[in-house]
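Chemist: fold the following and give me the result.
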Amino acid sequence: LQYDYYKNKIQPINKETQMEIIHLDQTPEDEKNEDQIIRKQDEHLDHIHNSIISLKNLTHNINFEIDDHIHVLDNLETGMINSQNHVESLTNQTKYFIRTSTDGVGGHTCLFAIAVGLFFLIVILIIFF
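Modeler: Model (predicted):
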């Protein structure tokens with residue numbers, strides 16, 4: 001929206017409105033013409049000045065937008081690092097749990113109890129169905 005605003009606000013210089021060059025070897029009859037040319041040049045300079053002010057405002061707005069995006073990306077980076085650390089912690093805890101549950105007597109006892117329970121469940125299902 002801001003781009004469209006400034007695009008419409010800044011008017012390009014047409015060929016008809018280009019500045020005319022003043023020649024120093026003018027005659028006194030050309031003094032009136034010279035005043036008109038100077039007035040036209042002043043108008044053109046005013047247009048250029050307004051265009052430069054609009055461009056300045058546009059660059060300030062772009063700078064603010066870039067600063068906001070940098071802030072958002074920094075927050076995203078921090079969140080990603082925290083998430084990565086959390087996933088690594090959970091992975092290490094899972095590896096430790098698997099290692100300790102299968103290496104010790106408690107892990108084998110748990111697996112044996114599950115196997116016995118499944119065996120009885122299968123037997124009951126076969127008998128009644």
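
Chemist: now do the helices in this structure.
Modeler: 2-9, 31-103, 105-128 (DSSP state H).

Chemist: avg pLDDT for the first one?
Modeler: Okay, so that is helix 2-9. For helix 2-9, mean pLDDT rounds to 60.

Chemist: count of neighbours near Cys110?
Modeler: Neighbour count for Cys110, taken as other CB atoms under 10 Å: 13. In this view, the C-beta of every residue, glycine as well, is placed from N, C-alpha and C.

Chemist: gap between it and Ile124?
Modeler: Distance, Cys110 to Ile124, using CB to CB, to the nearest Å: 21 Å.

Chemist: cool, and Thr78?
Modeler: Counting by CB to CB - Thr78 and Ile124 are separated by 55 Å.

Chemist: so where's this structure shaky on pLDDT?
Modeler: 1-31, 101-107, 129 (pLDDT under 70).

Chemist: make it 50
Modeler: Scanning the chain for pLDDT under 50 picks out the ranges 15-16.

Chemist: can you give me the neighbour number for Leu58?
Modeler: Applying other CB under 10 Å, we find 17 residues neighbouring Leu58.

Chemist: typo on my end, Ile127
Modeler: Ile127 has 7 neighbours, counted by other CB under 10 Å.

Chemist: from Leu111, how far out is it?
Modeler: Ile127 is 25 Å from Leu111, by CB to CB.
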